[in-house]
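Undergrad: A structural model of the following input is requested.
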Amino acid sequence: MTPLHHIGNFIRALVVPIPLWCVRALFLGTLIAVFIWVLRLPRENTTPENTTHWYQNLKIWACLALAIQIVIYSIF
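TA: The predicted model follows:
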């Protein structure tokens, strides 16, 4: 066995005892934190200058994409 096998086995031994529900909660928590951060961004930072249409605000589409990911990862 190469040294990489020993390193991989060591890391595997550290990670295996972690319950999957903890990993899932941390992953969903990260997505929710990013969702809240995107919601709090000012409109001036997410919309191009000299635009009047609501659909040109990138915050709307980022929140939609994050919401879909949160739903998918919380169901499956």
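
Undergrad: Could you point out the helix or strand that follows the helix or strand bottoming out on mean pLDDT in the chain?
TA: When the helices and strands of the chain are compared on mean pLDDT, DSSP states H and E, helix 43-46 comes out lowest with a mean of 80. Next in sequence after helix 43-46, counting helices and strands by DSSP states H and E, comes helix 58-75.

Undergrad: can I assume residue 46 is in contact with residue 63?
TA: No - assessed by Cβ atoms under 8 Å, residue 46 is found out of contact with residue 63, at 10.0 Å. Yep, even glycine has a C-beta here, placed from its N, CA and C like the rest.

Undergrad: one step back: please write out the alpha-carbon positions of the least confident helix or strand of the chain in CSV.
TA: What follows is helix 43-46 as a C-alpha-only set of coordinates in CSV (Å, rounded to 0.1, in the frame of the first residue of the first chain):
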residue,chain,number,x,y,z
ARG,A,43,-30.9,45.9,-4.8
GLU,A,44,-28.2,48.2,-6.2
ASN,A,45,-25.7,45.3,-6.1
THR,A,46,-28.0,42.8,-7.8
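
Undergrad: So what's the gap between it and the chain middle?
TA: Counting by Cα atoms, centre = their mean, to the nearest Å, helix 43-46 is centred 21 Å from the centre of its parent chain.

Undergrad: Which neighbouring elements make contact with it?
TA: helix 58-75 (3 or more Cβ pairs under 8 Å, 6 or more residues apart in numbering; DSSP states H and E).

Undergrad: and residue 37, what does it touch?
TA: By Cβ atoms under 8 Å, 6 or more residues apart in numbering, residue 37 lies in contact with nothing.

Undergrad: What's the per-residue pLDDT of residue 15 here?
TA: For residue 15, the model assigns a pLDDT of 94.
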